[in-house]
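K.L.:
Structure for this input, please:
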Amino acid sequence: MCRLLSLLALLIVFPAFATAAEPVKLFDGKTLAGWEGDTEKTWKFEDGAIVGGSLDTVVPRNEFLCTTKTYENFELKVTFKLTGDKAKANAGIQFRTKRIPKHHEVSGYQADVGQDYWGALYDESRRKKVLAKPAKDVIEKLVKFDDWNEYVIRAEGPRIRLWLNGKLTVDYTEEDEKIERSGIIGLQIHGGAKAKVYYKNITIEELPAKK
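P.N.:
Numbering: from 1, shown residues only. Below you'll find the model as predicted:
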């Protein structure tokens with residue numbers, strides 16, 4: 001009885017324990033079920049990963065492979081690798097994002113990848129600016145170009161945190177209440193460079209609603 005009462009007390013104090021979902025795979029390693037985008041020219045499978053871009057020709061424009069499901073509060077984990085022209089190659093992971101109707105672009109938050117933007121939070125197509133970023137010397141110690149890296153993206157209410165290779169690089173609180181807190185997840189390859197990006201081990205844990 002005492003043990004039962006203790007467990008009930010914990011659920012009262014920490015209600016999130018009772019409602020948090022288990023992490024689920026967004027990519028099964030075999031198909032693009034649950035995703036949509038340009039799978040004819042841009043996105044394909046290679047070595048168990050989702051791959052976008054080309055090292056033979058310049059990527060003509062930004063392209064995004066996006067989930068068909070929307071998410072609000074979550075912890076997203078993605079392993080990725082960026083290759084190609086180090087000075088120009090760029091990619092990123094979109095979240096709380098929307099497709100722009102009749103356009104290849106999307107609008108929303110991005111955990112940026114490449115150039116001087118590693119570990120940064122960018123607002124794609126909406127405010128079109130970096131919202132928060134780590135110091136340059138921090139990034140130089142963390143980034144593995146042409147090799148695998150990992151992002152952890154945690155979005156809870158107005159608070160957004162990014163971890164790059166285990167290091168917290170952004171802790172940002174959105175002050176604009178008009179900015180939507182739900183949307184799709186998207187994988188980006190940026191236009192303008194000979195570059196390829198690989199994404200794998202994509203999992204998401206949905207979190208309880210938070211004010």
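K.L.:
Might you report the residue contacts of the most centrally placed residue in the chain?
P.N.:
Geometric centre of the chain, nearest residue: Ile93, 3.3 Å, by C-alpha atoms, centre = their mean. Contact analysis of Ile93 by C-beta atoms under 8 Å, 6 or more residues apart in numbering lists 76, 78, 80, 110-111, 113, 151, 153, 185-188, 199. C-beta here means a position set from N, CA and C on the backbone, and glycine is covered the same way.
K.L.:
Could you rerun that using 6 Å?
P.N.:
Val78, Ala111, Tyr151 (C-beta atoms under 6 Å, 6 or more residues apart in numbering).
K.L.:
where in the protein is pLDDT low?
P.N.:
With pLDDT under 70 as the threshold, the chain has low-confidence stretches at 1-20, 211.
K.L.:
Try it again at 50.
P.N.:
The chain contains residues with pLDDT under 50 at 2, 4-5, 7-18.
K.L.:
Considering the contacts of Ile93, which possesses the most neighbours?
P.N.:
Of all the contacts of Ile93, Ala111 has the most neighbours under the rule other C-beta atoms under 10 Å, reaching 28 neighbours.
K.L.:
helix, strand or coil for Asp137?
P.N.:
helix (DSSP: H, G, I helix; E, B strand; the rest coil).
K.L.:
ok, now how distant is it from Pro158?
P.N.:
29 Å (C-beta to C-beta, to the nearest Å).
K.L.:
more crowded one of the two?
P.N.:
Pro158 (15 against 8).
K.L.:
what about Tyr151, helix or strand, and which?
P.N.:
strand 148-156 (DSSP states H and E).
K.L.:
Please name the strands paired to whichever helix or strand comes after that strand in the sheet, noting orientation.
P.N.:
Next in sequence after strand 148-156, counting helices and strands by DSSP H and E, comes strand 159-164. As defined by DSSP bridges, the strand partners of strand 159-164 come to strand 148-156 (antiparallel), strand 167-173 (antiparallel).
K.L.:
now these as JSON lines including distance to Gly48?
P.N.:
JSON lines is the format used below for these (distance: least, C-beta to C-beta, whole Å):
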{"stretch": "strand 148-156", "distance to Gly48": "12"}
{"stretch": "strand 167-173", "distance to Gly48": "26"}
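K.L.:
Need the nearest residue in space to Leu32, chain neighbours excluded.
P.N.:
Thr39 (6.4 Å; C-beta to C-beta, 6 or more residues apart in numbering).
K.L.:
can you check Asp171 too?
P.N.:
Arg161 (5.2 Å).
K.L.:
in terms of contact, does that neighbour touch Tyr172 like I think?
P.N.:
No. With contact defined as C-beta atoms under 6 Å, Arg161 and Tyr172 do not form a contacting pair (7.5 Å).
K.L.:
Export the contacts of Ile93 to JSON lines and append columns for distance to Lys129.
P.N.:
Converted to JSON lines, the contacts of Ile93 look like this (distance: C-beta to C-beta, whole Å):
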{"residue": "Val78", "distance to Lys129": "23"}
{"residue": "Ala111", "distance to Lys129": "15"}
{"residue": "Tyr151", "distance to Lys129": "20"}
